[in-house]
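**Student:** here is a sequence together with a model predicted from it:
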Amino acid sequence: MKFFIDTADLAEIKTAYSWGCVAGVTTNPSLYAKTGGKLADFEAHMVKIAEACPDVPVSAESTATTTEDMVAGGLRLAALAPNIVVKLPICAESLAATKELKKHGVNVNMTLIFTVPQALMACSAGARYVSPFVGRFDDIAEDGIEQLANIVTAVKNYYGPEHTEIIAASLRTPNHVTQAALLGADIATVPFAAMEKCLHHPLTDRGLAAFEADWKKVTSAQ
Ligand SMILES: O=C(CO)[C@@H](O)[C@H](O)[C@H](O)[C@H](O)COP(=O)(O)O
């Protein structure tokens, strides 16, 4: 499973990318709003992200509401940098836009996926990625991991990763990441704070402290 970083914060993206394990970036309007960014700066911000990690896909989300605007806006976003993927929320208009954008060679990441039929419809329209949400199911006392498992099984029954990759989204914890990996999601897109948590374990920290203490004994004995 690949790791994507789920943020629009450039500093977080640069830090996570420098670790060498980040294979993509996903952003959305809420994550961009969190950076304090203005509408006029949106495209320039996406370019900065794309240039900061030029060898991995960067999802930039369109807020258009008609197929025509999604296609026009998608072509504009895709032209900003070669690694930009156009992110669209699942709806009738975005399915049609996905089919059209694919004809132009533009990759689409279809987001806000909560059900198996939604995921299969997105694949069928030609989405390069589908993004089922986990945490938001947990928020309403449903099992987000179980829902993700159903989507992974159904999509993999009919499509391979060269057609459509599954991005487990709305992940909040290392356990979400573990479960997404075990059930076969192609990608986990992880917020920076959760990515940092994934790095650590108390036994790793304890082991490191022991190595350092023992090495001091070795160096001070010389
Ligand atoms: O859809 C994708 C990735 O393609 C994500 O960026 C997705 O929008 C985010 O994971 C969610 O919006 C995060 O939602 P939440 O868990 O913070 O409620």
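**Tutor:** Ah, there it is.
**Student:** show me where the protein has strands.
**Tutor:** 2-6, 22-26, 58-61, 84-89, 108-113, 129-132, 165-168, 187-190 (DSSP state E).
**Student:** so which bits of this structure are right by the ligand?
**Tutor:** Proximity of the chain to the ligand, by Cβ under 6 Å from any ligand atom, involves residues 6, 26, 28, 59, 87, 109, 111, 131, 135-136, 167, 169-170, 172, 189. Just so you know, the C-beta spots here come from the backbone N, C-alpha and C atoms, and that holds for glycine as well.
**Student:** can you rerun that using 5 Å?
**Tutor:** By Cβ under 5 Å from any ligand atom, the residues of the chain that approach the ligand are 6, 26, 28, 109, 111, 131, 135, 167, 169-170, 189.
**Student:** drop anything exposed from those.
**Tutor:** Neighbour-count burial (16 or more other Cβ atoms under 10 Å) is assigned, among the residues of the chain next to the ligand, to 6, 26, 28, 109, 111, 131, 167, 169-170, 189.
**Student:** residue nearest the centroid of this structure?
**Tutor:** Nearest to the geometric centre of the chain sits Thr189, at 3.5 Å (Cα atoms, centre = their mean).
**Student:** rewinding a little: determine which two of the residues of the chain next to the ligand are furthest apart.
**Tutor:** Spanning the widest gap among these are Asn109 and Gly135, at 17.7 Å by Cβ to Cβ.
**Student:** before we move on, the earlier item: the residue nearest to the centre of the chain contacts Ser131, correct?
**Tutor:** Yes: assessed by Cβ atoms under 8 Å, Thr189 is found in contact with Ser131 at 7.3 Å.
**Student:** overlap in contacts, those two.
**Tutor:** Counting by Cβ atoms under 8 Å, 6 or more residues apart in numbering, the contacts common to Thr189 and Ser131 are 26, 167-169.
**Student:** got a markdown table for those residues, with pLDDT too?
**Tutor:** Below are the shared contacts of Thr189 and Ser131 laid out as a markdown table (pLDDT from 0 to 100):
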| residue | pLDDT |
| --- | --- |
| Thr26 | 98 |
| Ile167 | 98 |
| Ala168 | 98 |
| Ala169 | 98 |
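**Student:** what number of residues lie near the nearest residue to Leu31 once chain neighbours are set aside?
**Tutor:** Distances taken as Cβ to Cβ, 6 or more residues apart in numbering place Ala8 nearest to Leu31, at 4.1 Å, with adjacent residues excluded. By other Cβ atoms under 10 Å, 26 other residues sit near Ala8.
**Student:** quick one, what contacts Ala8?
**Tutor:** For Ala8, the contact set (Cβ under 8 Å, 6+ apart) comprises 27-28, 31-32, 34-35, 37, 45, 49.
**Student:** turn the buried ones among those residues into a named ChimeraX selection, would you?
**Tutor:** Buried subset of those, written as a ChimeraX selection, criterion 16+ other Cβ under 10 Å:
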select :27,28,31,32,35,37,45,49
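**Student:** which of the contacts of Ala8 sits closest to the ligand?
**Tutor:** Asn28 (3.9 Å; Cβ to the nearest ligand atom).
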